[in-house]
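> structure of the sequence below:
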Amino acid sequence: MGRDDQAIGALERTVALDKAFPFALSKLVAFRQKRADWRSFGREQAALDEAVESGVAVDPFTFFHASSSPARQLTCVKTYVAEVAPERGVAVPTTTSPVSRLRVAYLSADFRSHATAHLTAGLFEEHDRERFDVSAISYGPDDRSEMRNRLKAAFERFEDVSHLTDEDVVKLIRQLDIDVLVDLGGFTAGARPKILAHRAAPIQVNYLGFPGTMGASYIDYVMADRIVIPEEEQKHYAEKVIYLPDSYQVTDARRPPLPNVPARSAVGLADDAFVYCAFNRTSKITPLMFDVWMRLLTRTAGSVLWLLDGDPIAGENLRREAVARGIAAERIVFAPHVPADEHLARHQLADLFLDTQPYNAHTAASDALWAGLPVLTCLGTAFAGRVAASLLNAVGLPELVTRSLDEYEGLALRIAHDSELRTALKRKLAMHRSTWPLFDTVGMTRHIEKALNEMWRRHCAGEAPASFAV
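Numbering: from 1, shown residues only. Sure, this is the predicted structure:
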């Protein structure tokens, strides 16, 4: 599962930052208890909301998993930034003349075999080198993977700064004369927002890795689309919003062909079972969502729920919760960790991917669609809960975006009981995968380049950052 414990890790980092954050420690304990027992889930969620409203610093990535309020998320990140990575009062570097090639750097802990890298590798390779000088600023581990080697080859320069202090990273970025610094991490695992707090580059952009506002005055823009950030929601973002024309999420169309699909029996699935698949981190599974899934199993004879197996404690607890809802434990099937290509291939054994709320599948939804598995989602009220809707619209399947959990449950049952509908959805997805924008890496790269150029034009003209559409 990779980062299925990321939310807990984020809380642990908050505790490590400063022992003056007793609330972070209490939330860490509570979060661990929640994984073992859902009976306190509602109380803990309410306590988390109350803490944010009262000005307590709470790790944003953890909070975004529990919150569906953009306004409250903004409050959370503003408080957190003020405590952890306040603006350093550094003047914004100014440039008044255009450059022959715009110097763009991508900042991340995840230039390795990681979800972010699997989405962005094609973008880095497709950048127009005649117009853009593209660098990687990598502060994460070197896993010596095939993806790491691919990324090193994709950039004009690949700077491993994992051994440098924040201040020295800032010096390096300035020495490279970076014009636009694109942060791919936000407040996710291993992120180093203090680099951005020092205003390392004239323009700093929040993109892809963190699904929401960073709440910081030193982040000028966030790249999004009109589904994940409706125009009326801009007031809940500290950044100015750049609207990309289709989905905000870049994807990699250069993935190798899927390997042979394994037999169902090889992965613990019955040949005649209807397979509801939910390949998401266990931290995204809430009691409300699980209740819906258990009702689907109850009303779909011979069905199973296929989940990722990355945490034996969580797996045991989920099976226990299923039994408590009248579902036999063996109807919860866990898929062990396998290499990325094998994981993509086994999607084809499932019948329907079930999304989560309030935090959607992001890369997981993209993976499912790439593998030809329809994704059913419910449109949320915050960025993290609207990503799958963005992806489905960009691949021409808006009929799989529901507006309530009742509608979600009803459509899932309809798909499960109508084989012709399932066949039609899979056929439509197969046709659209190569013709709709979601998996058009070259087209997406051109859109992002237009956005980068417009940001720089405004800066050179002395204009303040402002929202715009590509």
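
> which stretches of the stretch 51-200 of the chain form strands?
Assignment of strands within the stretch 51-200 of the chain using DSSP state E, counting those that start in this stretch yields the ranges 102-108, 132-138, 157-160, 180-183.

> show me what the last one is packed against.
Other helices and strands packing on strand 180-183, by 3 or more Cβ pairs under 8 Å, 6 or more residues apart in numbering; DSSP states H and E, are strand 102-108, strand 203-206, helix 441-460. Yep, even glycine has a C-beta here, placed from its N, CA and C like the rest.

> quick one: contacts of the second one?
With Cβ atoms under 8 Å, 6 or more residues apart in numbering as the contact definition, strand 203-206 has outside contacts at 179-183, 186, 196, 213-214, 218-223, 239, 242, 455-456, 459, 465.

> 7 Å instead?
Outside of strand 203-206, the residues that reach it under the criterion Cβ atoms under 7 Å, 6 or more residues apart in numbering are 179-183, 186, 196, 214, 218-223, 239, 455-456, 459.

> off-centre distance for the helix or strand where residue 431 lies?
With secondary structure defined by DSSP states H and E, residue 431 is part of helix 419-432. Distance of helix 419-432 from the chain centroid (Cα atoms, centre = their mean, to the nearest Å) equals 26 Å.

> quick one: buried residues of that helix?
The neighbour-count check on helix 419-432 (16 or more other Cβ atoms under 10 Å) flags 422, 425-426, 429, 432 as buried.

> show me what that helix is packed against.
Counting by 3 or more Cβ pairs under 7 Å, 6 or more residues apart in numbering; DSSP states H and E, the packing neighbours recorded for helix 419-432 are helix 405-417.

> show me the contacts for the residue nearest the centre of the chain.
The centroid of the chain falls nearest to residue 362 when counting by Cα atoms, centre = their mean (4.7 Å). For residue 362, the contacting residues are 211, 387, taking Cβ under 7 Å, 6+ apart as the criterion.

> with residue 275 instead?
Residues touching residue 275, when contacts are defined by Cβ under 7 Å, 6+ apart, comprise 269, 304, 306, 349-351.

> would you say it is within a strand?
Yes: under DSSP: H, G, I helix; E, B strand; the rest coil, residue 275 falls within a strand.

> what's the closest non-adjacent residue to it?
Nearest non-adjacent residue to residue 275, counting by Cβ to Cβ, 6 or more residues apart in numbering: residue 350, 4.4 Å away.

> per-residue pLDDT, the nearest residue to residue 142 once chain neighbours are set aside?
Distance criterion Cβ to Cβ, 6+ apart; nearest residue to residue 142, sequence neighbours excluded, is residue 148 at 6.1 Å. For residue 148, the pLDDT comes out at 98.

> still on that earlier bit, now pLDDT too, for the contacts of residue 275, in CSV please.
Rendered in CSV, the data for the contacts of residue 275 read as follows (pLDDT from 0 to 100):
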residue, pLDDT
269, 98
304, 98
306, 98
349, 98
350, 98
351, 98
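
> ok, which pair from the buried residues of helix 419-432 is furthest apart?
Distance extremes for the buried residues of helix 419-432: the farthest pair is 422 and 432 at 15.9 Å, using Cβ to Cβ.

> which one of the strands of the stretch 51-200 of the chain lies nearest to residue 261?
Of the strands of the stretch 51-200 of the chain, the one closest to residue 261 (Cβ to Cβ) turns out to be strand 102-108, at 32.3 Å.

> tell me the strands beside the closest one, with direction?
With DSSP bridges as the test, strand 102-108 is paired with strand 132-138 (parallel), strand 180-183 (parallel).

> dump the ones you listed into TSV; add mean pLDDT as well.
Below are those laid out as TSV (pLDDT from 0 to 100):
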stretch	mean pLDDT
strand 132-138	98
strand 180-183	98
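
> can you tell me which of those strands is nearest to residue 207?
Nearest to residue 207 among these is strand 180-183 (5.2 Å), distances taken as Cβ to Cβ.

> tell me where the model's unsure across the protein.
With pLDDT under 70 as the threshold, the chain has low-confidence stretches at 1-37, 91-98.

> care to break it down by domain?
What the record gives for the chain is the domain set 6-66, 102-253+441-469, 264-438, from automatic domain parsing.

> buried ones in stretch 158-174?
Neighbour counts over stretch 158-174 (16+ other Cβ under 10 Å) mark 158-159, 161, 164, 166, 169-170, 172-173 as buried.

> what's the farthest-apart pair in these?
Pairwise distances across the buried residues of stretch 158-174 peak at 19.2 Å for 158 and 166 (criterion: Cβ to Cβ).

> burial of the closest residue to residue 267 other than its chain neighbours, as a residue count?
Of all residues beyond its chain neighbours, the one nearest residue 267 is residue 346 (5.9 Å), with distances taken as Cβ to Cβ, 6+ apart. Residues within reach of residue 346, counting by other Cβ atoms under 10 Å, total 23.

> next SSE after the helix or strand containing residue 346?
Under the assignment given by DSSP H and E, the secondary-structure element containing residue 346 is helix 340-346. Note on helix 340-346: by DSSP H and E, the next helix or strand toward the C-terminus is strand 352-354.

> other residues contacting that next one?
For strand 352-354, the surrounding residues in contact (Cβ under 7 Å, 6+ apart) are 276-278, 293, 368, 373-376, 412, 415-416.

> tell me which residues of it come out buried.
Residues of strand 352-354 classed as buried by neighbour count (16+ other Cβ under 10 Å): 352-354.

> quick one: residues in contact with whichever helix or strand comes after it.
Using DSSP H and E, the helix or strand that follows strand 352-354 in sequence is helix 363-370. Counting contacts by Cβ under 7 Å, 6+ apart, the residues outside helix 363-370 that touch it are 115, 118-119, 249, 251, 255, 279-280, 344, 347, 353, 355, 375, 387-388, 391, 395, 429, 438-439.

> one more time with 6 Å, if that's ok
The contact list for helix 363-370, computed with Cβ atoms under 6 Å, 6 or more residues apart in numbering, reads 115, 119, 251, 279-280, 344, 347, 353, 375, 388, 391, 395.

> which one of the buried residues of helix 419-432 is nearest to residue 207?
Taking Cβ to Cβ as the measure, residue 207 sits nearest to residue 432 out of the buried residues of helix 419-432, at 24.9 Å.

> so the closest one touches residue 394, yeah?
No: the pair formed by residue 432 and residue 394 falls short of the contact definition of Cβ atoms under 6 Å, at 9.3 Å.

> can you give me the helices for the stretch 201-350 of the chain?
Per DSSP state H, counting those that start in this stretch, the stretch 201-350 of the chain has helices spanning 287-299, 312-324, 340-346. These are given in chain order.

> distance to residue 42 added to those helices, as TSV?
Listed next are the helices of the stretch 201-350 of the chain as TSV, based on distance: least, Cβ to Cβ, whole Å:
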stretch	distance to residue 42
helix 287-299	8
helix 312-324	15
helix 340-346	33
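
> residue 380: which of those helices is closest?
Proximity of the helices of the stretch 201-350 of the chain to residue 380 was assessed by Cβ to Cβ; the nearest stretch is helix 287-299, lying at 11.5 Å.
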